[in-house]
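Peer 1: Just need the structure, nothing else, for what follows:
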Amino acid sequence: MTQNNDELYKLKKYVLFKRLSLKLCSDKKQAALITSETNIRYLTGFPNSEGVLLVTAGEVYFFVDFRYGEAAQKQVTGCKVVVYSRLLDSLKEALQKHAVTKVIFETSYMTVKDMQRYKQSMEQYGCAMTANDILDCTLRDMRIIKNADEIEKMQTAQKITEEAYLELLNIVKPGVSERKLAFELEFLMRKKGASGISFDLITITGKKTSMPHGVPGDTIIQKGDFVTFDIGALYDGYHSDMTRTVAVGQVSEYQKEIYDIVYNAQMQALSRVKAGVNACTIDKTARDIIEKAGYGEYFRHSTGHGVGLNIHEEPFVSPKSNTILSENMVITVEPGIYLPDKFGVRIEDMVRVTKNGCENFASLPKELIVV
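Peer 2: Next up is the predicted model:
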């Protein structure tokens with residue numbers, strides 16, 4: 001990282017923490033305790049499993065144990081890094097320094113056991129643990145809009161996914177097992193720069209494609225099968241997510257009919273994505289097309305979801321969603337039809353919402369191919 005980029009990064013982190021502090025700590029005696037690994041990584045850029053963040057009106061503290069101390073002190077900017085011997089003792093010191101009397105926490109992430117442990121300790125020195133969703137909502141609203149760095153990382157993850165997938169297609173043929181496809185695909189992704197896979201890869205064939213989240217096993221590809229690839233790579237903490245369905249050797253008219261319905265539903269749903277549109281509208285567009293074709297009962301999951309540090313996060317593209325899409329939200333659009341004991345089809349792209357439409361991270365064609 002150049003000096004100019006390093007200074008810009010430090011400034012961005014300072015602004016991020018300042019924004020969080022102003023939002024949560026207008027009451028000078030209130031502080032926020034952030035314990036979820038994902039939210040800490042979002043705010044600090046530092047992956048670890050033991051740290052906690054304390055946000056006060058005057059300062060933000062990142063508490064880590066000695067295993068992460070040296071690395072955190074070198075890498076984390078915008079807050080004070082504290083290497084603790086006993087976490088609760090270090091927290092007590094910071095809370096008393098800033099005369100904090102009330103601490104809010106992430107109700108969506110903290111276990112009851114941990115809450116009781118923190119609550120008992122804090123009450124001993126005059127702090128109350130307050131259970132509400134203000135911290136969860138604040139962090140959700142910050143994370144739901146992706147910045148340029150986050151978008152670039154997801155684009156890189158998508159590029160790795162596509163390159164690996166295209167190479168894998170060379171071995172998709174009768175006689176190959178689902179398990180081999182999953183193994184080879186993960187190897188190719190890591191070889192091309194992925195730090196891991198976004199989720200357990202779905203590489204299923206034949207009748208198993210009627211299972212939206214089927215698990216790869218020893219099933220062997222047969223001529224005339226569909227093969228579903230629901231796949232994604234992990235790059236610097238950020239995920240990609242893509243689904244493609246291909247035919248092997250030949251395709252029946254019935255298979256092609258179902259594929260074309262899903263393809264049309266996905267393309268029409270993508271055409272409705274833009275800032276200012278309710279996410280449920282995207283879902284309804286895809287769902288109406290599938291229902292009109294007579295297959296509504298075979299499409300029973302949401303049309304999409306947000307992607308970022310988590311593979312599934314806000315906003316959700318579902319019939320019940322009330323989220324109005326904004327620029328730089330990143331969502332998937334993935335309708336499907338699943339015919340029990342026959343076959344299934346799903347097509348999925350990951351897109352960035354723009355003012356007048358969307359930017360599709362996927363560059364691969366979606367017309368049905370026969371390999």
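Peer 1: Just name the shakiest helix or strand of the protein by mean pLDDT.
Peer 2: Between all helices and strands in the chain, the lowest mean by mean pLDDT, DSSP states H and E belongs to helix 3-24, at a mean of 70.
Peer 1: For Ile290, list the residues it contacts.
Peer 2: For Ile290, the contacting residues are 261-262, 265, 296, 298-299, 335, 337, by Cβ atoms under 8 Å, 6 or more residues apart in numbering. (C-beta placed from N, C-alpha, C; glycine too.)
Peer 1: Neighbour-wise, which one of those residues leads?
Peer 2: Highest neighbour count within the contacts of Ile290, by other Cβ atoms under 10 Å: Pro335, with 29 neighbours.
Peer 1: Now do the same contact list for it.
Peer 2: Pro335 is in contact with 262, 265-266, 269, 286-287, 289-290, 299, 303, 346-347, counting by Cβ under 8 Å, 6+ apart.
Peer 1: and what of Pro315?
Peer 2: 144, 279, 305-306, 321, 323, 325, 329, 331.
Peer 1: Can you report phi and psi for it?
Peer 2: phi -90, psi 150 (degrees, to the nearest 10).
Peer 1: Can you tell me how far it is from Met267?
Peer 2: Relative to Met267, Pro315 is positioned 21 Å away (Cβ to Cβ, to the nearest Å).
Peer 1: And the contacts of Pro335, which is closest to Phe187?
Peer 2: Comparing those against Phe187 with Cβ to Cβ places Arg346 closest, at 23.8 Å.
Peer 1: Which residue is the nearest non-sequential neighbour of that closest one?
Peer 2: What sits nearest to Arg346 in space, not counting adjacent residues and going by Cβ to Cβ, 6 or more residues apart in numbering, is Gly336, at 3.4 Å.
Peer 1: correct me, but that neighbour touches Val262?
Peer 2: Yes - counting by Cβ atoms under 8 Å, Val262 is a contact partner of Gly336 at 6.1 Å.
Peer 1: Report the set of residues contacting both of the two.
Peer 2: Joint contacts of Gly336 and Val262 (Cβ under 8 Å, 6+ apart) are 345-347.
Peer 1: Mind checking which of the residues you listed land in strands?
Peer 2: 345-346 (DSSP state E).
Peer 1: hmm, which of the shared contacts of Gly336 and Val262 are the buried ones?
Peer 2: Neighbour counting with 16 or more other Cβ atoms under 10 Å marks 345-347 as buried within the shared contacts of Gly336 and Val262.
Peer 1: between those, which is nearest Phe361?
Peer 2: If you rank these by distance to Phe361 using Cβ to Cβ, Ile347 comes first, at 14.2 Å.
Peer 1: Isn't the closest one up against Tyr263?
Peer 2: Yes - between Ile347 and Tyr263 there is a contact at 6.1 Å, judged by Cβ under 8 Å.
Peer 1: list residues touching both of these two?
Peer 2: Listed as contacting both Ile347 and Tyr263 by Cβ under 8 Å, 6+ apart are Lys366.
Peer 1: which residue sits closest to Thr38 in space, ignoring its chain neighbours?
Peer 2: Closest to Thr38 by Cβ to Cβ, 6+ apart is Leu309, at 5.0 Å.
Peer 1: would the one you found count as being in a helix?
Peer 2: No - secondary structure of Leu309 (DSSP: H, G, I helix; E, B strand; the rest coil): coil, not part of a helix.
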